[in-house]
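A.B. asks: Just a sequence and a predicted model for now, questions to come.
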Amino acid sequence: MFVWYRTSALTMVYLSDVPPSSKPGALARSAWNTRGWTVPEFLAPKVIRFYQNDWTPYLDDHSPNHKQSVAIMQELEDATGIDARILVAFSPGMINAREKLQWASARVTTVQEDIAYSLFGIFGVQLPVMYGEKKQSALGRLLQEVVARSGDISALDWVGQSSEFNSCLPADITSYEAPPYALPSISEDEMQRSISSLQDTMIVELALELYSSLDRLSAPRFANHRLHLPCIAFPVTEVRRRPIEHTEIYFTYEVKADGLRDLQITTEGRLLQFSRGRPARQSFLLVRPWDRRLLELPDYADNTESADDFTLPGSPREEGPVDPESSERAMRLIVRLGQPFSAFLLAQQRSGEYKRIASDRDIITQVKDVDYVHGMDIRTLEIL
């Protein structure tokens, strides 16, 4: 469908519930703007015109292309949350995957699989359409393609119910409706002050070593519905449930993990309670999915291709004397790893793999001390 709209000379949108001489806002309120297939319909075409139910142009705009109408594009931006510049000149691809998923998160389709199929063209992927597979499978196939080809882990940032396809993926696209938790940013002045406070020979050498270890990690990938996720792991040492009111439907737990500040996790399911004195047979991890953007390297691959690992010029992995730029990047990494981050809670299965435990809220945590950064447990986990 995306290709049809993309290659059309003109896309005409008939708004059956918008009467003649409608005022601005009627387009936004139209049922047309609630449907899943609407997204490629207004993004893909280069030339589009909107018509009221008597076939007169919307807002009496007789221009040949309504994508050139500031008023109509602004209305569409306000209604969809998509920047008008993107509406006018959209290019399919993997960039900003989480944002693209949010565009479709509140839309409806008659056939449940279509909410995923309508996004195939948006991401520039070619996957088979298999009606009858159910929405979790359709969405799962799309998301595994996005993660595997782009290395973008933002699609794993959601709250809600886990998918049967893979526990690191959501059961429904509505899990992307709320924007991701905005982690506190750090100014350049704060960054430089933090680096100055850490700057000594031992710290720099350890920072370069950690940088190289993380730089060697491969991109996340899927195989047979299993996610191989590079991450930093923190063993959970204690889980205790807080007292609840009879009216509460979620459970809140006090959680402790090696190297992390104490935190709370809210989930609809019950968690096994344990402590160091009363250990559990099943092991749990809080993990930080590895994001290569923290390395602050230049863009190293086209956004539609796999983000497999390789070394770039100037990387601290190179042999020989370390240049000041590499040292600076390594120290910046140490500072960023000491900042709050969004974590996943994983439970190990009998076969050794892990499953993500879905949470009703974002799990935000932070290392206890920047000194712990140097001893981080870096690994790639297999998640069902």
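C.D. replies: Everything's here; your move.
A.B. asks: wait, isn't E113 in contact with Q136?
C.D. replies: No. Contact criterion CB atoms under 8 Å: E113 and Q136 do not qualify, at 9.6 Å. Every residue, glycine included, has its C-beta placed from N, CA and C.
A.B. asks: Now the common contact residues for the two.
C.D. replies: By CB atoms under 8 Å, 6 or more residues apart in numbering, E113 and Q136 have no common neighbours.
A.B. asks: Which secondary structure element is home to the residue nearest to E328 when sequence neighbours are not counted?
C.D. replies: The shortest distance from E328 to any non-neighbouring residue, by CB to CB, 6 or more residues apart in numbering, is to I195 (7.6 Å). Assigned by DSSP states H and E, I195 belongs to helix 188-198.
A.B. asks: which helices and strands does that helix pack with?
C.D. replies: Packing contacts for helix 188-198, counted by 3 or more CB pairs under 8 Å, 6 or more residues apart in numbering; DSSP states H and E, involve helix 324-337.
A.B. asks: Next one: V111 from G36, what distance?
C.D. replies: V111 is 9 Å from G36, where distance means CB to CB, to the nearest Å.
A.B. asks: Compare neighbour counts for those two and give me the winner.
C.D. replies: G36 (21 against 12; other CB atoms under 10 Å).
A.B. asks: how close does that one get to S150?
C.D. replies: 22 Å.
A.B. asks: and if you look at L337?
C.D. replies: For L337, the distance to S150 - CB to CB - is 22 Å.
A.B. asks: Which one's more surrounded, these two?
C.D. replies: Per other CB under 10 Å, whichever of L337 and S150 has more neighbours is S150, with 24 against 21.
A.B. asks: The nearest residue to the more buried one once chain neighbours are set aside: how many residues sit nearby?
C.D. replies: Using CB to CB, 6+ apart and skipping the chain neighbours, the partner closest in space to S150 is M94 (3.6 Å). Other residues within reach of M94, judged by other CB under 10 Å, total 23.
A.B. asks: tell me the SS of M94?
C.D. replies: The three-state assignment at M94 reads coil, by DSSP: H, G, I helix; E, B strand; the rest coil.
A.B. asks: Look through this protein and tell me its longest strand.
C.D. replies: Assignment by DSSP state E gives strand 226-241 as the longest strand of the chain.
A.B. asks: What's the mean pLDDT across that one?
C.D. replies: Across strand 226-241, the average pLDDT comes to 95.
A.B. asks: same thing with stretch 109-118?
C.D. replies: 96.
A.B. asks: who's in contact with Y176?
C.D. replies: Contacts of Y176 by CB under 8 Å, 6+ apart are 98, 101-102, 104-105, 158, 170.
A.B. asks: Alright, calling it a day.
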